[in-house]
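Chemist: Quick one: sequence and predicted model below, then my questions.
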Amino acid sequence: MSRYEEIDFAALPVRRLNPLQMPSHAGFRPRRGEFGTYWKQGKIARECTASICACWYLDVDGVLAAYITLISDRLLVESPLLEAEKVRYRSFPAIKIGLLAADQRAKGAGTALMKWAFRYIACELCPRVGARFVTVDALFDPDNDYDVAGYYEKFGFVFADPSGVPREGEQFRTMFFDLKPLLDALDT
Ligand SMILES: CC(C)(COP(=O)(O)OP(=O)(O)OC[C@H]1O[C@@H](n2cnc3c(N)ncnc32)[C@H](O)[C@@H]1OP(=O)(O)O)[C@@H](O)C(=O)NCCC(=O)NCCS
């Protein structure tokens, strides 16, 4: 039986990564191998130490099950998204989901981190700094039959470029989520 069976990931504590005290990554196997490599080869720890990102994770008995990184970002769009609110910019402050990965056997661990991130951003970050959107560069790798956009769509993310066509040479499509309804709901 896998160590992840019958685990309610939504009930586990989300821990902030301390690069000096990493959890074990023994057997950590996300669906895309590079996301395991980023962790194992120290990229995430280095970037946390350099304040390039902040990382949180879920573990089961001290072993990594899933991780997420958050980064400050700027959402660029063609049309003035907030025209109805008389805000006419095409560039908006945002928080980006930099990396997100879950062990393939830890079903729902990524979703638990996504839900935690929405709450964290809305309750802890937005009251302190302007950030209207959550962004993500959704991995798109048709050569290997991999497209994660549908996953983010389920949370309500939409493509920044409505055509959904990646830019030349890019293996991702930028998506965004408008935090306003969530912020309004928290306000009431
Ligand atoms: C994306 C990822 C973190 C999701 O982890 P998770 O939330 O634990 O995923 P689960 O396997 O429990 O799936 C949750 C739901 O999302 C759906 N889903 C998973 N990957 C999907 C995809 N690529 N497109 C559409 N839906 C997807 C599942 O079918 C499931 O749907 P259901 O709740 O209706 O059954 C994980 O698949 C992963 O690590 N992928 C490799 C790394 C990656 O692509 N990261 C994102 C880069 S931008």
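Modeler: Received it, and whenever you're ready, just let me know what you need.
Chemist: In terms of helix, strand or coil, where does the residue in the chain that the ligand sits nearest to fall?
Modeler: The ligand sits closest to Gly110 of the chain, with a gap of 2.5 Å, by Cβ to the nearest ligand atom. (C-beta placed from N, C-alpha, C; glycine too.) Three-state call for Gly110 (DSSP: H, G, I helix; E, B strand; the rest coil): helix.
Chemist: For it, which non-adjacent residue is spatially closest?
Modeler: Distances taken as Cβ to Cβ, 6 or more residues apart in numbering place Ala102 nearest to Gly110, at 3.8 Å, with adjacent residues excluded.
Chemist: that's a helix at that neighbour, yeah?
Modeler: No: applying three-state DSSP, one finds Ala102 to be strand, outside a helix.
Chemist: That one and Arg29: what is the separation?
Modeler: Counting by Cβ to Cβ, to the nearest Å, the gap from Ala102 to Arg29 is 10 Å.
Chemist: Between these two, tell me which one has more neighbours.
Modeler: For Ala102 and Arg29, the more surrounded residue by other Cβ atoms under 10 Å is Ala102, and the numbers stand at 28 against 14.
Chemist: so who does that one touch?
Modeler: 30, 65-66, 109-110, 113 (Cβ atoms under 8 Å, 6 or more residues apart in numbering).
Chemist: quick one: it from Thr69, how far?
Modeler: Look at Ala102 and Thr69: by Cβ to Cβ, they are 13 Å apart.
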